[in-house]
Structure formats: C-alpha cells, structure tokens
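J.: missing the sequence, but the structure's below:
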DNA sequence: GTATTTATTGAACACCATGTTCATTAATTA
DNA sequence: TAATTAATGAACATGGTGTTCAATAAATAC
C-alpha cells in the first residue's frame, strides 16, 4: 500500500481513538477528527465512507486483537477439559487489559449501540467456538436464551471489571465468570 | 390543565409512539412527529425541550405502568417468602405484555442507549426493593457485580422474551429467571 | 530522469436536522 | 367582556454530514 495512504489511515484511526477518550462517539465530529489527524476533509471520506464506518473499523481492529481466532495449533484441541476453558477466559481478560485498554474503556463507558453490536458479535462467536463444545440440555432454560445469557453475562462482567478500573486479576475474573455461569451449564 | 395543552401533549406522545413502531428513534425527525401529531413546530418545543426529553417522558410513562411502586398494602409485606418473590416477577411480565406492549417492543428492538439507561434505572430500583431483602454474602462473587448481574439478567430475559414474540407465559418466565439467578443468590 | 499513476488538499456546496423567535390568531378562564 | 394562556407557521441561526472538483504533491513504472 502507498505510504501516504497508510499514514493517513493510521493518523485518522489514532486521532479517533484519542478523541474517544475525551468525548462520547455521538459528540465527536468529523471536523474534530480531521483537525486532530491533520488531513483534509476529502481525504477522510476517501478512506472511510462514513463516521459509522470508522467506528466499525476501530471495533474490528480492537476485537481482532482481543479474541483470538482458533486457527493454528488450537484446532487440534477440540476436546478441551474444563480447566482449559477457564484458561481461555483468563486469557481474554489478559488481552483486554493489554491491548488498547484505553480505547476499550472509552467505548464501553460510552455504551454506543453500534459498538455493543460489534462487541456482542465477537463474544457470541467466541463463546460458541470455545465454551459450548459438549453440553447437555437443561430442563427449564430454553437453549436460545442460555446462549444469549452466557454472552450477555460475559459482556456485563467485562463492563463491570473495567468500570471498576480493571483492578482484579484475569484469573479472578475467570473464576467469577464460571461461578456465575456454571450452575446453568 | 388547559384542554388544549392536554390534547397537544397527548397527540405528540401518541404520534411518537406510532413512529417508534416504524422507525428507530435516531431516524425519527421532529418534523415527522409534528406532521403526524398535526401540531406546529413551536408548539412541540413549548411542550418538550428536546427530542431526547420526549423519549424520556415516554420511558417514564411506560415504566411507571410496568414497575409498581411498593407504596400501599405492600409496605406491610416487607418480610416476603420466596414464593412471593416469584409472584412479583410473574406480575411484571404480565404488565409488560398488557401495557404498551408495542411501544416496549419497538424501544427494545431499537436498543437505543438512552432508553436502556432508563430501563436499567427502573429495573435496578425494582430488584433492590423486591429481591434483595435478606441475602448472605457469597464467597467468590463481589456484591456489586452480583446486583448488576441480576438486573442485567432480568433485562436480557425480557429482551429475549419479546424478541421471541412474548409467546411464553409470565409464570414460565419467572421460573426461568429464578432458575438462572437462584444458584448465585 | 521522465512519465504516469495515485493520493492529498481545501474550499465551496447541497442537504438535512435541531431548536429559536415572533407577531398573529384562537381558545380558555376570570 | 376582558385578560390570560396556548397554538401557529414561517423565517432564521446553527451546526453537522457527505460530495465535488480542479490543483498539487508524492510514489511508482519505465
């Protein structure tokens, strides 16, 4: 890719991230972004068709770092024991704290509907791929609600953790998650 | 109150409700509301300082119908057994289906952040007042997350129920709620 | 090194939505 | 009947999004 394109794109994403830490998404204007990124208006729209698209790209960047795709050696590990499951969740909390933590904090605090949709998309996929391997049908709880409930609980736990300053250790968070979720599994 | 004021106000709220069933909140314009309600622009702003304020009024109207305030004979019932708790939740699901069901469906489908804030406000208050009477401290789960988790689970269950067409009976919903929640209480 | 392609620029523009103002008119209440 | 209160609509200020285009600068191909 052209060096100019790359620089422009990254400058926009960077500025957008900075601004998100100061203002909620709705209250950030394209004008502010391009002023901060120091690019022309037309340039912005050459890279991103809309502000919402910029948010989308940001979310994809973010979550692709956080939720590993089970592609490589892990593909062999289809039959995991429940210990491995806990390690998986612990791992996610590590990632959440390490990669783009400020950005995630800003987006969660904001609570924007679009962002939450992307977040849920990734969590749903991740939970389905890693936590629902073998399950017996519980009596009272409809399956479709159960799946949803697990994703929702995970998202809610992340939000609570970060609201609290992400002070607790990843291991402890995984522990809490399974304490809440295991009885219904 | 002046008959004119009352009529205008109700006409606006009615039209807003109608429109919410067709379009998401963000995509409804004040112009559409006043066209449908057949009132002047200045009149609209004499009644509601902003579109967001109209949403707020709508939410308050809605939730005040759904979540009963424990004011009258119920004040005596402070020491409820767990059977009464289940009846309480059943009761809420009845209300949700009976009162302004279409409006609620529209607002939930939309998923607007502002609406969800009001929803959570009411749910938090309700759960705190009716479900957290006597509780022993569980070991692993921090109390502040537990409270939040119960509210979130309730909201999520309502959303799932309504997405599914609210086909299930209120009693069944209360059953599901406690099956999910009781293990952590 | 020159030519060609590709990206950036900025200013002007069209568009649309919010919320305000005000003088006029109509309904309500005293 | 007089005084108050509400409704009206058109014009307006403001501020945001996204587009266009001709000019310019940088990157790449030859």
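T.: Okay, I see it. As the structure is a computational prediction, the values presented were derived from the model and not from experiment.
J.: Residue A:151 is in what secondary structure piece?
T.: helix A:143-163 (DSSP states H and E).
J.: Next, the angle from that helix to helix B:143-163.
T.: 140 degrees (axes from the mean of the first three to the mean of the last three CA atoms, to 10 degrees).
J.: Can you tell me which helices and strands helix A:143-163 packs against?
T.: Under the contact definition 3 or more CB pairs under 8 Å, 6 or more residues apart in numbering or on different chains; DSSP states H and E, helix A:143-163 sits against helix A:82-98, helix A:101-110, helix A:113-130, helix A:170-181, helix B:143-163. (Each C-beta comes from the backbone N, C-alpha and C, glycine too.)
J.: any chance of the ones you listed in a markdown table, plus distance to residue B:52?
T.: Shown next, in a markdown table, are the helices and strands packed on helix A:143-163 (distance: least, CB to CB, whole Å):
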| stretch | distance to residue B:52 |
| --- | --- |
| helix A:82-98 | 31 |
| helix A:101-110 | 16 |
| helix A:113-130 | 15 |
| helix A:170-181 | 34 |
| helix B:143-163 | 21 |
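J.: wait, which of these is closest to residue B:14?
T.: Closest approach to residue B:14 among the helices and strands packed on helix A:143-163 (CB to CB): helix B:143-163, 21.4 Å.
J.: Pull out the buried residues from the closest one.
T.: Judged by neighbour count using 16 or more other CB atoms under 10 Å in any protein chain shown, the buried positions of helix B:143-163 are B:145-162.
J.: Quick one: name the residues of chain A near DNA strand D.
T.: Within chain A, the positions adjacent to DNA strand D are A:2-4, A:28-31, A:41-42, A:45, A:49-52 by CB under 7 Å from any atom of the strand.
J.: 6 Å instead, please
T.: Contact residues, chain A versus DNA strand D (CB under 6 Å from any atom of the strand): A:2, A:3, A:4, A:29, A:30, A:31, A:41, A:42, A:45, A:50, A:51.
J.: any idea which helix or strand of chain A has the worst average confidence?
T.: The helix or strand of chain A with the poorest confidence is helix A:82-98; it has a mean of 89 (mean pLDDT, DSSP states H and E).
J.: what separates residue A:168 from residue A:174, distance-wise?
T.: 10 Å (CB to CB, to the nearest Å).
J.: Pick out whichever of the two has more residues nearby.
T.: More crowded of residue A:168 and residue A:174, by other CB atoms under 10 Å in any protein chain shown: residue A:174, with 21 against 16.
J.: can you pull the contacts of the more buried one?
T.: Residues counted as contacts of residue A:174 (CB atoms under 8 Å, 6 or more residues apart in numbering or on different chains) are A:86, A:87, A:89, A:90, A:93.
J.: What spatial separation is found between the residue lying closest to the third one once chain neighbours are set aside and residue B:166?
T.: This points to residue A:89. Leaving aside its chain neighbours, residue A:89 sits nearest to residue A:174 (4.0 Å; criterion: CB to CB, 6 or more residues apart in numbering or on different chains). Distance of residue A:174 to residue B:166, given as CB to CB: 35 Å.
J.: Tell me which residues touch the residue nearest to the spatial centre of chain A, please.
T.: When CA atoms, centre = their mean is applied to chain A, the residue found nearest the centroid is residue A:63 (4.2 Å). By CB under 8 Å, 6+ apart, residue A:63 lies in contact with A:118, A:119, A:122.
J.: interface residues of chain A facing DNA strand C?
T.: Within reach of DNA strand C by CB under 6 Å from any atom of the strand, chain A has these residues: A:2, A:4, A:5, A:8, A:39, A:40, A:41, A:42, A:43, A:46.
J.: The strand or helix carrying the last one: which residues count as buried?
T.: Per DSSP H and E, residue A:46 falls inside helix A:41-47. Residues A:43, A:44, A:47 are the ones in helix A:41-47 that count as buried (16+ other CB under 10 Å).
J.: Could you report the pLDDT at the residue lying closest to the last one once chain neighbours are set aside?
T.: Among residues not flanking residue A:47 along the chain, residue A:9 sits closest, at 5.5 Å (CB to CB, 6+ apart). Residue A:9 is assigned a predicted lDDT (pLDDT) of 98.
J.: ok, residue A:5 - contacts?
T.: Listed by CB under 8 Å, 6+ apart, the contact set of residue A:5 reads residue A:47.
J.: again, 6 Å this time
T.: Residues near residue A:5 by CB atoms under 6 Å, 6 or more residues apart in numbering or on different chains: none.
J.: Mind pulling the model confidence for it?
T.: Looking at residue A:5, its pLDDT stands at 97.
J.: State the helix or strand in which it lies.
T.: Here residue A:5 is assigned to helix A:3-20, by DSSP H and E.
J.: still on that earlier bit, look up how far residue B:28 lies from the residue nearest to residue A:89.
T.: For residue A:174, the distance to residue B:28 - CB to CB - is 42 Å.
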